[in-house]
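> need a structure here:
(one chain, ligands or ions: 2)
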Amino acid sequence: MTPRTALTIAGSDSGGGAGIQADLRTFFAHGVHGLVALTAVTVQNSLGVQGFTEIPADVVTAQIKAVASDMGVNAAKTGMLATAEIIRAVAKTLDEVGPFPFVVDPVAASMTGHALLREDALEAIRTELFPRATLITPNLDEVRLLTGVSVVDAASQRTAAEALLEFGSQWVLVKGGHMQGTTDCVDLLSDGREFIELSGPRYITENTHGGGDTLASAITASLAKGASVPDAVAAGKKFIERCVAEAYPLGAGVGPVSPFWVLNP
Ligand SMILES: Nc1ncnc2c1ncn2[C@@H]1O[C@H](COP(=O)(O)OP(=O)(O)O)[C@@H](O)[C@H]1O
Ligand SMILES: Cc1ncc(COP(=O)(O)OP(=O)(O)O)c(N)n1
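Ligands and ions are numbered 1, 2, ... in the order given. Just a heads-up that it's a prediction; the model follows:
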């Protein structure tokens with residue numbers, strides 16, 4: 001039987017733990033066929049990002065059109081988008097090939113603090129992509145860059161969700177992985193009417209590389225299979241929890257979260 005398809009519009013991680021590599025293995029783990037529009041090639045390993053080269057915007061557009069016109073897209077997500085020009089091209093192209101559920105992970109920097117976006121690009125994500133998004137999935141650093149809100153507790157997490165929804169997405173997931181001093185990891189999902197706290201144990205590990213990408217692609221895979229946003233996010237949270245619990249060291253720095261548990265569930 002032909003599987004459902006999910007498209008990732010994102011950068012390559014030479015270390016294999018984040019970016020399109022994380023997305024494709026997560027799609028595979030969900031039984032979904034992964035399609036790719038590559039936006040940038042990063043040079044990175046467990047110690048950080050040494051640099052990146054972006055793909056020309058017209059080539060990003062051509063990749064999306066090629067797979068959408070021939071294979072069909074059941075859901076899509078964005079990760080690293082690199083430049084405002086690529087972001088504008090993605091927005092325009094999705095208008096032409098959509099509609100389908102669309103998840104925006106507003107990747108601004110790696111966890112080691114290296115920029116993955118050129119300077120003017122975050123504003124383009126906010127104005128061009130958020131209004132088109134079914135769901136946006138910022139981490140706490142991205143929340144601060146986008147809204148100025150510092151999330152330190154449940155009340156400020158809710159304030160941040162409300163501020164982010166003003167930019168026009170249908171749903172927002174404010175991820176709580178970087179919240180300080182909590183024994184649980186609580187992500188807050190909202191459409192402005194419902195506020196749903198997704199709580200799970202915080203595992204003690206240094207190895208969380210690729211966590212945001214893995215969560216967003218797990219959600220996208222479930223949306224591609226027809227799940228509602230709350231069901232897709234709840235399933236994604238369970239999936240990433242197990243990936244963090246089984247994360248492994250690789251290299252001298254931060255190791256990747258692990259989807260290998262799906263081979264022995
Ligand atoms: N130590 C941890 N234990 C369990 N879950 C975690 C841990 N760190 C992050 N998560 C979960 O992983 C997902 C990614 O979160 P986060 O780290 O906030 O985003 P990002 O990887 O984009 O910085 C969220 O669902 C978060 O709750
Ligand atoms: C090519 C590429 N895309 C995205 C990221 C960031 O991934 P993320 O899941 O947020 O993981 P960390 O950077 O927090 O480990 C990346 N590093 N490279």
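
> check contacts around residue 174.
Residues near residue 174 by Cβ atoms under 8 Å, 6 or more residues apart in numbering: 138, 140, 143, 151, 157, 160, 161, 164, 187, 188, 190. In short, each C-beta sits where N, CA and C put it, glycine included.

> same check on residue 34?
5, 6, 7, 8, 23, 24, 27, 28.

> ditto for residue 2
residue 33.

> surely residue 165 and residue 173 touch.
No: Residue 165 lies out of contact with residue 173 (Cβ atoms under 8 Å); the separation is 11.2 Å.

> which of those two has more neighbours?
Using other Cβ atoms under 10 Å as the criterion, residue 165 and residue 173 rank with residue 173 on top: 28 against 17.

> mind telling me what element the more buried one is part of?
In this assignment (DSSP states H and E), residue 173 forms part of strand 171-174.

> pLDDT of that strand, averaged?
For strand 171-174, mean pLDDT rounds to 98.

> next to ligand 1, which bits of the stretch 51-200 of the chain? Give me the list.
Within reach of ligand 1 by Cβ under 6 Å from any ligand atom, the stretch 51-200 of the chain has these residues: 111, 139, 175, 176, 177, 178, 185, 187, 200.

> show me the residues you listed that map onto strands.
185, 187, 200 (DSSP state E).

> most surrounded residue in those residues?
residue 187 (24 neighbours).

> what is the nearest of the contacts of residue 174 to ligand 2?
The shortest approach to ligand 2 among those belongs to residue 138, at 10.2 Å (Cβ to the nearest ligand atom).

> dump the residue contacts of that closest one.
If you count contacts by Cβ under 8 Å, 6+ apart, residue 138 has them with 105, 106, 146, 164, 172, 173, 174, 175.

> now, of the residues you listed, which are buried?
Neighbour-count burial within the contacts of residue 138 applies to 105, 106, 146, 164, 172, 173, 174, 175; the criterion is 16 or more other Cβ atoms under 10 Å.

> nearest to ligand 2, of those residues?
residue 105 (7.3 Å).

> secondary structure element holding the closest residue to the closest one other than its chain neighbours?
Spatial nearest neighbour of residue 105, chain neighbours left out: residue 216 (4.0 Å); criterion: Cβ to Cβ, 6 or more residues apart in numbering. Assessed by DSSP H and E, residue 216 sits inside helix 211-224.

> that helix near ligand 1 at all?
Yes: contact between helix 211-224 and ligand 1, assessed by Cβ under 6 Å from any ligand atom, occurs at 211, 212, 215.

> nearest to ligand 2 among these?
Ranked by distance to ligand 2 (Cβ to the nearest ligand atom), those are led by residue 212 at 3.3 Å.

> what about that closest one, how many neighbours?
Count around residue 212 with other Cβ under 10 Å applied: 24.

> ok, residue 148 next?
Residue 148, neighbours per other Cβ under 10 Å, totals 9.

> got it, and residue 68?
Around residue 68 there are 21 residues (other Cβ under 10 Å).

> now it. Nearest residue, chain neighbours left out?
Here the residue nearest residue 68, using Cβ to Cβ, 6+ apart, is residue 97, at 3.8 Å.
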